[in-house]
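*Asks:* coords please:
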Amino acid sequence: MLYCFLKEVNMRKRAFTMVELLIVIVVVGILAVTIVPRLESDPLRQAVDQVVRHIAYTQHMAMVNDIYRTDTPIWFKAMWRISFRVKNCYLVSSNSDLDMNYDREESVMDPLTRVLLYSNSKCRKESTDSSIMFLEDTFDIDKIVFEPACGDNRFIAFDNFGRPHRSLKRLDDYLKSDCLIMFYSKGRKGVITIRPETGYVTSYVEPE
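*Replies:* Residues are numbered from 1 along each chain as shown. Down below sits the predicted model:
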């Protein structure tokens, strides 16, 4: 009997009272209200994370989509690339007709969001375009700067081995050192780094 009584007392000591449970619920609710919106309201971080994912998807497309052709020596110009317009929009495409234009039909669908990864040359959104490709309008990105190691172009291309290229002037114009792409928004900076040879991508965003 004494053993059962002590066991019951011990269980009561370990159990939450109704007041304690309500306090826990209130505290969790306050944390959710204050923390979650801050995590979801950083447009710069959202933009950088999205571009990192699309760089990886560009590399994936290059490795699974064989663009080699025997009818032309410049077939490599059709490599899959992620290209940034001057006005801070971008697209993922393969220049399959080799005319050096970025056509809607040559862009690819994002398998996660099911939107076409395309933007027109003037960065003007059309009714059929996805807003996520327009970084200035959607994420308040003021400027995108490519470091010299990235090449003279505003794109990164990938070959069928997943190696990043700094241009498509020659087949062997690989990325020789880290390519840094910097995104600026309201005085803050986010940096995407693409490694040579492997195309491995990392990112960093300055804290608010």
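
*Asks:* so how far is stretch 57-76 off the chain centroid?
*Replies:* Computed by C-alpha atoms, centre = their mean, to the nearest Å, the chain-centroid distance of stretch 57-76 equals 22 Å.

*Asks:* pLDDT of that stretch, averaged?
*Replies:* Per-residue pLDDT values across stretch 57-76 average out to 95.

*Asks:* quick one: low-confidence parts of the chain?
*Replies:* Applying pLDDT under 70 to the chain flags residues 1-40.

*Asks:* rerun at 80
*Replies:* 1-40, 100 (pLDDT under 80).

*Asks:* What segments of it are helices?
*Replies:* In the chain, the segments counted as helices under DSSP state H are 2-14, 18-40, 43-64, 135-139.

*Asks:* Find the nearest non-adjacent residue to residue 161, please.
*Replies:* Distances taken as C-beta to C-beta, 6 or more residues apart in numbering place residue 63 nearest to residue 161, at 7.2 Å, with adjacent residues excluded. Bear in mind the C-beta positions are built from the backbone N, C-alpha and C, glycine included.

*Asks:* And residue 126, by the same measure?
*Replies:* residue 120 (6.7 Å).

*Asks:* Could you count how many residues lie near the one you found?
*Replies:* Other residues lying near residue 120 total 17 when counted by other C-beta atoms under 10 Å.

*Asks:* quick one: it from residue 104, how far?
*Replies:* According to C-beta to C-beta, to the nearest Å, residue 120 stands 8 Å off from residue 104.

*Asks:* again with residue 190
*Replies:* In terms of C-beta to C-beta, residue 190 sits 28 Å off from residue 104.

*Asks:* okay, these two: which has more neighbours?
*Replies:* Neighbours per residue (other C-beta under 10 Å) separate residue 190 from residue 104, with residue 190 holding more: 25 against 14.

*Asks:* Verify the stated contact: the more buried one with residue 206.
*Replies:* Yes - Residue 190 is within contact range of residue 206, at 7.1 Å (criterion: C-beta atoms under 8 Å).

*Asks:* Now do the residue lying closest to residue 112 once chain neighbours are set aside: how many residues are near it, please.
*Replies:* Leaving aside its sequence neighbours, residue 112 sits nearest to residue 53 (C-beta to C-beta, 6+ apart; 7.6 Å). Neighbourhood size, residue 53 [other C-beta under 10 Å]: 14.

*Asks:* again with residue 192
*Replies:* 22.

*Asks:* ok, the closest residue to it other than its chain neighbours - contacts?
*Replies:* Distances taken as C-beta to C-beta, 6+ apart place residue 181 nearest to residue 192, at 4.6 Å, with adjacent residues excluded. Applying C-beta atoms under 8 Å, 6 or more residues apart in numbering to residue 181 gives the contacts 51, 84, 144, 145, 146, 147, 150, 191, 192, 193, 194.
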